[in-house]
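Kindly generate the corresponding structure for this input.
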Amino acid sequence: MNLSNKCTFIALAAILLLNIAASQLNAQNAGSQSNTGSKFPAGSKGSDPNDPRAKLKAGLFDAGEIALGMRHVKLLKKPEVFDMGVDPNSPKVAAALKALGVPDASMVPPEMRMGFAGLAFSNSDIAFQGNRLFLGNFYGINIYDIADPSNTSLITSLICPGGQGDVSVHKNLLFMSVEMPNGRLDCGEQGFPPTVGPQGQPAPPAANKDRFRGVRIFDISDISKPKQVAAVQTCRGSHTHTLVKDPKDSKNVYIYVSGTSFVRPSEELAGCSGGPPDKDPNTALFRIEVIKVPLDTPEKAAVVAEPRIFGDSETGKINVLTDGGSHENMGRPVETNQCHDITVYSEIGLAAGACAGNGILLDIREPANPKRVDAVNDPNYAYWHSASFSNDGKTVVFTDEWGGGMGPRCRENDPNVWGANALFRLNGQKLEFAAYYKMPAAQTEAENCVAHNGSLIPVPGRDIKVQAWYQGGISIMDFTDPAKPIEIGYFDRGPIDANVLVMGGSWSAYWYNGFIYSSEIARGLDIFELTPSKFLTQNEIDAAKSVRFAEFNVQSQERIEWPRTLTIAKAYVDQLERSGALTSGRIVEIRTAIQNAVSSNLDDRSAKKLKSLGSSLQKAKPAKNTADTQRVRALADILRDPIL
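The predicted structure follows:
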């Protein structure tokens, strides 16, 4: 969530909070007035009001639901201490606002309370390790046992406010991002009193040595009692972070810190300053931080580099990137001084940074010294938010969080190239635009909706991404052809409230070891399972389920490898039948041979038949498209030397 752009000083006095709230509502209203008919960018269109998701019944736990190609397995409601409810006059709402720096809830109009108070208890990102799921929250972390997804249970809750609570995990260490000014070194819940300037006007938070903004590190050797062993302070806090492994170094990991909020005073953290680069060469803007974490002594974790990835190494200028004049800034170019999220793919030595005004490509072969090798901007993009690579590393999907996640951006009159995904092919180390993709169903004024976090679904032979869209629900996108991405599945609920926009929906939707897990901002943790459809067969689902991870941090992407089993072969056969790349006769022959091999436990006769078919396929002419050619070759390789 681009919280910093919409409510950077949310922990200040109530007057400032009201100003922010008013600005947000004005921005939403302006958007609804201007994004009509002739205002649409060339070639774009609005969301579909006739989609069955468009008018679902509202409600918190009784909203209308609809799905295609997936089954809702379970919703685990938030633990009580993390649940604010929906009554704007409740004591929990007042407590939430107080924690954010508003001493009296009555100072905030009731229609605005839920939207902002909800930030204090919003679920955020997810990480996985073994049979455990770590669900971040602005108020702390909840850890779940997912050994049996249909019977998922809470292991423990870690109370530690500060937002956003983004998480990653490695071995016995758990990492947590902290950005907001109510975070304390000791994880205390009391926050800090609001600061009031002259004539009662709000002022930036006063320096306080007990405040924490940066990356916390917990030892989770005892999973029921996480213990904070380090807290690395940074000047802008940590909006998100990325765990980076160096293939050449097993003793350390690195953390890329994306700070998007205001710069804290130097009186609170020495060396922090937020001046313009032409007057302040040491400004905390226009950089990321790199934390080095010794795995055996994590308490020694420290910032070891502050790369100027927005600059020009030849001229020394640190602020050379701009958004190119986005629609949100009325065509006026704005400098890029932050990254929102960075996804690393260490095996190929690259990272994709979603950096406010730009999508950037980084060389990370030296993890402590990332270097920008390319950057793109787009007037249709308001805020470059997150990124994902295809498994082969040849396509990058960037998301646009237009409206900061707090506004309705999937209405019938919202262009489908705004708040969307942008897909780029990688030509060497150059990003080349291929297409946009946006969740197609129209949503209401009461539903915050825009592109957000997702991950690959490991179906061999295809590039498929499951993705969160806040109250737009979950959409599954096939981008095997990055120029023609299509939706192949979805899940959606109606708005939390039919008349008032209450923060909710899916923050992150990730595939992990056979299931899809969604961090539902207001409700809890959703669990889903794929079901066969015309877009995805049971064989393809079974093939995806054969891929297992021991540890999964989505922003630390690892190459997916499939076993050489006949289960994988069946998936390729289904794909080649769907595309028409093999004749119906050949499809029947291969399927019969596979079935005979399975029935006979791969005896000599059946193995010989499979090898013969594999050799024949190996000699076949290339298919009409690259994807089918690769599928035929992969199928041939398995048939020539399969394992059961």
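
Now do the helices in the chain.
3-7, 14-34, 91-99, 110-117, 538-545, 566-579, 584-599, 604-618, 626-640 (DSSP state H).

Nearest to N252 among the ones you listed would be which one?
When the helices of the chain are compared by CB to CB, helix 3-7 sits nearest N252, at 29.1 Å. Every residue, glycine included, has its C-beta placed from N, CA and C.

what's the average pLDDT for that closest one?
Mean pLDDT, helix 3-7: 38.

do stretch 257-275 as well
Stretch 257-275 comes out at a mean pLDDT of 95.

Name the helix or strand of this structure that has the lowest mean pLDDT.
Among the helices and strands of the chain, helix 14-34 carries the lowest confidence by mean pLDDT, DSSP states H and E, at a mean of 35.

D246: neighbour count?
Close neighbours of D246, defined as other CB atoms under 10 Å, add up to 17.

Would you check that it makes contact with P367?
Yes: contact status for D246 versus P367: in contact at 4.7 Å, counting by CB atoms under 8 Å.

Show me the beta-bridge partners of the residue sitting nearest the centre point of the chain.
Per CA atoms, centre = their mean, the C-alpha nearest to the average position across the chain is that of N453, at 2.4 Å. Applying DSSP bridges to N453 yields these beta-bridge partners: S508.

Next one: it relative to V573, how far apart?
According to CB to CB, to the nearest Å, N453 and V573 sit 33 Å apart.

still on that earlier bit, state the distance from the residue nearest to the centre of the chain to I288.
With CB to CB as the criterion, N453 and I288 are 19 Å apart.

which stretches of the stretch 151-300 of the chain have low pLDDT?
For the stretch 151-300 of the chain, applying pLDDT under 70 flags the ranges 200-203.

in it, which spans are strands?
Using DSSP state E, counting those that start in this stretch, the strands assigned to the stretch 151-300 of the chain run over residues 153-159, 164-170, 173-178, 214-219, 227-233, 240-246, 249-258, 289-294.

out of those strands, deepest packed?
Neighbour counts (mean count of other CB atoms under 10 Å) averaged over each of the strands of the stretch 151-300 of the chain peak at strand 173-178, with a mean of 28.

Just the C-alpha atoms of that one, please, in PDB.
Output of strand 173-178 as PDB, limited to C-alpha atoms (Å, rounded to 0.1, in the frame of the first residue of the first chain):
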ATOM      1  CA  LEU A 173      15.100 -15.300  11.500                       C
ATOM      2  CA  LEU A 174      12.000 -13.300  10.900                       C
ATOM      3  CA  PHE A 175      12.200  -9.800   9.400                       C
ATOM      4  CA  MET A 176       9.500  -7.000   9.800                       C
ATOM      5  CA  SER A 177       9.200  -3.600   8.200                       C
ATOM      6  CA  VAL A 178       8.300  -0.600  10.400                       C
END
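
Can you tell me what sits against that strand?
The contact list for strand 173-178 (CB atoms under 8 Å, 6 or more residues apart in numbering) reads 127, 134, 136, 141, 160, 162-169, 212-220, 226, 237-241, 243, 255, 257, 293, 295, 298.

Give me the sheet partners of that strand and which way each runs.
By DSSP bridges, strand 173-178 pairs with strand 164-170 (antiparallel), strand 214-219 (antiparallel).

Now distance to W402 too, for the ones you listed, in TSV please.
TSV is the format used below for the strands paired with strand 173-178 (distance: least, CB to CB, whole Å):
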stretch	distance to W402
strand 164-170	19
strand 214-219	28
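
Of all those, which one is nearest S518?
strand 164-170 (15.1 Å).

Specify the angle between that closest one and strand 153-159 in degrees.
Counting by axes from the mean of the first three to the mean of the last three CA atoms, to 10 degrees, strand 164-170 points 120 degrees away from the direction of strand 153-159.

Pull the distance from strand 164-170 to the chain's centre.
12 Å (CA atoms, centre = their mean, to the nearest Å).

ok so, going back, where's the residue nearest to the centre of the chain relative to Q595, distance?
Distance from N453 to Q595, by CB to CB: 40 Å.

ok, now N413?
N413 is 52 Å from Q595, by CB to CB.

ditto for D323
56 Å.

Then G403?
In terms of CB to CB, G403 sits 52 Å off from Q595.

More neighbours: which of the two?
Between G403 and Q595, counted using other CB under 10 Å, the more crowded position is G403 (27 against 13).

could you redo the strands of the stretch 151-300 of the chain as CSV and give each row distance to D492?
What follows is those, written out as CSV (distance: least, CB to CB, whole Å):
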stretch, distance to D492
strand 153-159, 26
strand 164-170, 24
strand 173-178, 28
strand 214-219, 34
strand 227-233, 38
strand 240-246, 25
strand 249-258, 29
strand 289-294, 38
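
Looking at the ones you listed, spot the one closest to E268.
Nearest of those (CB to CB): strand 227-233, 8.7 Å.

quick one, strands of the stretch 301-450 of the chain?
Counting by DSSP E, counting those that start in this stretch, the strands of the stretch 301-450 of the chain are 302-305, 341-345, 350-355, 358-363, 371-376, 384-389, 395-400, 421-427, 430-437.

what sits against the residue nearest to the centre of the chain?
N453 neighbours (CB under 8 Å, 6+ apart): D125, S386, T399, Q467, A468, W507, S508, A509, Y510, V554.

Repeat that for P482.
Residues near P482 by CB under 8 Å, 6+ apart: S390, T395, L423, F424, R425, A434, A435, D463.

tally of neighbours for the third one?
By the criterion of other CB under 10 Å, L423 has 26 neighbours.

For it, give me the pLDDT.
98.

Against E347, how distant is it?
With CB to CB as the criterion, L423 and E347 are 21 Å apart.

likewise the fifth one?
Distance, R425 to E347, by CB to CB: 19 Å.

More neighbours: which of those two?
Neighbours around R425 and E347, counted as other CB under 10 Å, are more numerous at R425. The numbers are 16 against 13.

Quick check: chain neighbours aside, which residue is closest to the more buried one?
Nearest-residue entry for R425: E432, 4.8 Å, with adjacent residues in sequence omitted and distances by CB to CB, 6 or more residues apart in numbering.

My guess is that neighbour contacts V396. True?
No: counting by CB under 8 Å, E432 stays clear of V396, with 10.0 Å between them.

Mutual contacts of the two, please.
F424, L426.

Which one's more surrounded, those two?
V396 (26 against 14).

residues touching the more buried one, list them.
A352, G359, L361, A387, S388, F389, S390, L423, F424, L426, L431.

Just the closest of these to S599, please.
S390 (35.9 Å).

ok, back up a step: so which of the strands of the stretch 151-300 of the chain is nearest E529?
Nearest to E529, of these and by CB to CB, is strand 153-159 at 17.9 Å.

How many residues are close by C235?
28.
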